[in-house]
Each structure stands twice: as structure tokens, then as C-alpha cells.
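S.K.: structure for the following, please:
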Amino acid sequence: MTGTAATRVLVIGGGIAGSAAALGLRRAGFDVRVYEAHSGADQDVGAFLTLASTGMRALAQLDATRAVTAIGFPLTSLRLLDAEGTELAHVPLGEVAEPDLRYRCLRRGELNSALQREVSGRGVRLVHGARLTSVTDGPYGVTARFGDGTTATGDLLIGADGLNSAVRRALTPGIRPVHAGQRVFYGRTPGAPGAVGDGVITMVRGSESAFGYATAPTGEAYWFARVGGDPLPERGPGARNAVPRAELLPLLRKDATPAAALVAACPDPVMATNATEMPLGARWHTGRVLLIGDAAHAASPATGRGASTALEDAVVLAKALRDLPDAAKAFEAYERHRRPRAEHNIIVSGGISRGTREPARPAGPDHRPDHLDEELIRQLDWHTALSERA
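M.R.: Next comes the predicted model:
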């Protein structure tokens, strides 16, 4: 299905998945329109994230590398500590030899803004404040209706509107994310007492928590903590919980690691979210409508691969629609290529969050440049046609 100006694709959601999908579809020749529910781009949702080498590789295929390397900072090694503060391992991280493919730590809001600027800069219409209320899929097109009464009609509609996806509710009303057994805290600490910088991300296997931190060149430490517990009360789509540090510190002070000092020096309050995941086997597409990113396959953040997976989705989707004869076959091929990887991540990450599976060893395949995933590299290569078979 070669993209032409007559083939209009509506993308619902202007976050990481939606903006990246728009960049890919635009490069493939489609007329793309993006509709974002929030009024502005720089929403610091999720506080910060890391992009893996595969996510950076996907950005390179979208010609968006420079937009992202202009923000955040690279990560070149991973250090693992136990609850006593003993270093268990210190290994290279990702494709260290390629500067543009190195892991990167950055604020989610800054990444959203950078990608949205790329979208607008390439002539794609991006509408803010467009909160989807319904989707009508007909024989000649698909229509999105928004809360302000406006509508948009296209040939295809991509639901990239995240964990609480309105497109998914229209597609499969009974399917929704479930709690993955942990609460996740995020913060940024100026001054970073006791932190290790120079491109190192440190993971701590605490006695009652999992903790991780990386220090920016400015000296500010970006950190997260995952602790078991019941889900935080729901506060509506997009809402975030601000909690006092005191809720987290007693657990961290049980261990002889830098975690407690970093959190104690962080300004109150800190942000907390629930670790959530999508059920396996949920429907990703029907008719002219397809889900990507967290809307389709949200996973617990334990593996830290959510943003990279969304970027991979965007490239493979754009190639599928570019290379295959019709949308139905393109959607089917996209799903065959992406579902095994996405659902494997849900299983592994959920197992870590629930304590039923040990965290991946730091010397695993994604951390060593001599164990690259050649199949994924082929899928992401813009100049290689995407096959109809996975």
C-alpha cells in the first residue's frame, strides 16, 4: 500500500508512539493528521525514561536522531548493586561504539516536545486539545469525533493514545490494563549525593524495593523506585499521584545503598504511579483501526522498554503500510512482526514486578554489542522491505 496524498491517516495521540508513527507515515508518503488530547506537549508524564539502543535505531530510521540527542544524556554502562551496596556487575550498555545508538536518559515531556516539533516541522498537522469521544468505522472511511464537537475523517486511524486509550475503549470496550503488583516512584535530586556519573546507570536490588538512578552532566540524579503494593486510587485518565518522600524512605533505609540519600535530598513531593500491563492476546486492530504503543501492549516498567517499543512500532507500521498491498494485510503483517516481542516484554516485565522472575542479568543480549538482534535490525531498516510473514 504505497502512501499517497489521497491516503489520509488519522493518528490519535501525540505522545511518543503517535508522534513517531506520524514521522514514519509521513516519510512513507501518507497524508497524516495527529490529534492530541492535551493542550500542550511538555507534560512531564512519567518523569523520565531511558531509550534503549533499539529505540535510538528506530529514531534514526525516522531521521529524528538529532532532535533527541539534543536533549537528555547518553548512558554507556550499567552497574548492579545488592542491598548491602556491593557491586555485583558493571558492564557496557547497548551499542556503545555507535554514539547515535547509545542508550539515552531523558525527561518524557522533553521527548514528547522534541518529537512533536519534528512532526510540525515536516508539515504534519498536529491538533492539541482534541480529546476523542468516539470512532465510527465505515465502508468508505473512519471518522473520529472529539469532545468539542469537531470530527475528522480518514482512510485509516491509528490509536496511539496510551494506557487509557479512548480508541481501545471504542475497539474493545471490555479490555483494560490491570495492576502488575507494584507502585513506581520517580524523582530528580539536585546535587546527587553519592551518585556515580559519567554515563552510568545504577540498578539496586534492594531488600524490599528495586531502585535505579543515573546522573546528568548537570549533577542532577534521575531516580525511580519500584515497591510491591496495592494499586494507588484511580484519579482519571492522565492523572498522577504526588506523594511525600516519607512513604518511600523507610523501605530504602533498610539497605546500605545510595537510594535513601538520593530520595531524602529530593524535593517533596515525589511522583507515584501504578505498574500496569495489558492482558495478553488483546485485539490490536479491526477494519480501518489499529492500536500501537501502550494502547496495544502496555507493560510494567520493570524492563524499561516501553518508549523504545513504541518507537519500534512506529517504524514497522510505516513500513508495513508502505510495502503491502492493502491496509488489512499491512495491519496483519505488522501484528505478526510486533506481537511476539511486545507480549514477551509484558510477560518478562510483569514477572519482575510481581517477584516471580529475577531481573534480567546486566550482560543480557540488549547490553552487549556482540549479541544484536539481527531480525529486529532488519525490521527497522527503512530500506529493507517488510515481509508479509514474521
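
S.K.: adjacent strands (with direction) for the helix or strand bottoming out on mean pLDDT in the chain?
M.R.: Here the helix or strand of the chain ranked lowest by mean pLDDT, DSSP states H and E is strand 241-243, holding a mean of 82. Using DSSP bridges, strand 241-243 pairs in its sheet with strand 270-277 (antiparallel).

S.K.: export the strand it pairs with as CSV, just CAs?
M.R.: The C-alpha coordinates for strand 270-277 follow below in CSV (Å, rounded to 0.1, in the frame of the first residue of the first chain):
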residue,chain,number,x,y,z
VAL,A,270,7.6,12.8,44.5
MET,A,271,5.5,11.3,41.8
ALA,A,272,4.0,7.8,42.1
THR,A,273,2.2,5.7,39.5
ASN,A,274,0.9,2.1,39.3
ALA,A,275,2.8,-0.6,37.4
THR,A,276,0.2,-1.7,34.9
GLU,A,277,0.0,-4.0,31.9
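
S.K.: what element comes up after it heading to the C-terminus?
M.R.: Reading on from strand 270-277 to the C-terminus, the next helix or strand found by DSSP states H and E is strand 285-286.

S.K.: what packs against that following strand?
M.R.: helix 327-354 (3 or more Cβ pairs under 8 Å, 6 or more residues apart in numbering; DSSP states H and E). For every residue, glycine as well, the C-beta is placed using N, CA and C.

S.K.: in the helix it packs on, which residues are buried?
M.R.: Under the neighbour-count criterion of 16 or more other Cβ atoms under 10 Å, helix 327-354 has 327, 330-331, 333-335, 337-339, 341-343, 345-346, 348-354 buried.

S.K.: who's in contact with the most centrally placed residue in the chain?
M.R.: Central residue of the chain (Cα atoms, centre = their mean): A307, 2.0 Å from the mean position. With contact set as Cβ atoms under 8 Å, 6 or more residues apart in numbering, A307 has these partners: I16, L49, T50, L51, G55, R108, L111.

S.K.: and the second one, that one's in a strand?
M.R.: Yes - checked against DSSP: H, G, I helix; E, B strand; the rest coil, L49 lies within a strand.

S.K.: identify each buried residue in the least confident helix or strand of the chain, please.
M.R.: Using 16+ other Cβ under 10 Å as the burial criterion, the residues of strand 241-243 that qualify are N241.

S.K.: next, the angle from the helix or strand harbouring T309 to helix 327-354.
M.R.: Here T309 sits within helix 306-323, counting by DSSP H and E. Put simply, helix 306-323 runs at 170 degrees to helix 327-354, going by axes from the mean of the first three to the mean of the last three Cα atoms, to 10 degrees.

S.K.: what's the pLDDT at V270?
M.R.: Looking at V270, its pLDDT stands at 89.

S.K.: now swap in the one 5 residues further on and tell me
M.R.: A275 is assigned a pLDDT of 95 by the prediction.

S.K.: P74 now?
M.R.: Per the predicted model, pLDDT is 96 at P74.

S.K.: who's in contact with the nearest residue to it once chain neighbours are set aside?
M.R.: Closest residue to P74 apart from its sequence neighbours, by Cβ to Cβ, 6 or more residues apart in numbering: R102 at 4.3 Å. By Cβ under 8 Å, 6+ apart, the contact set of R102 is S53, M56, P74, L75, T76, L93, G94, E95, V96, G199.
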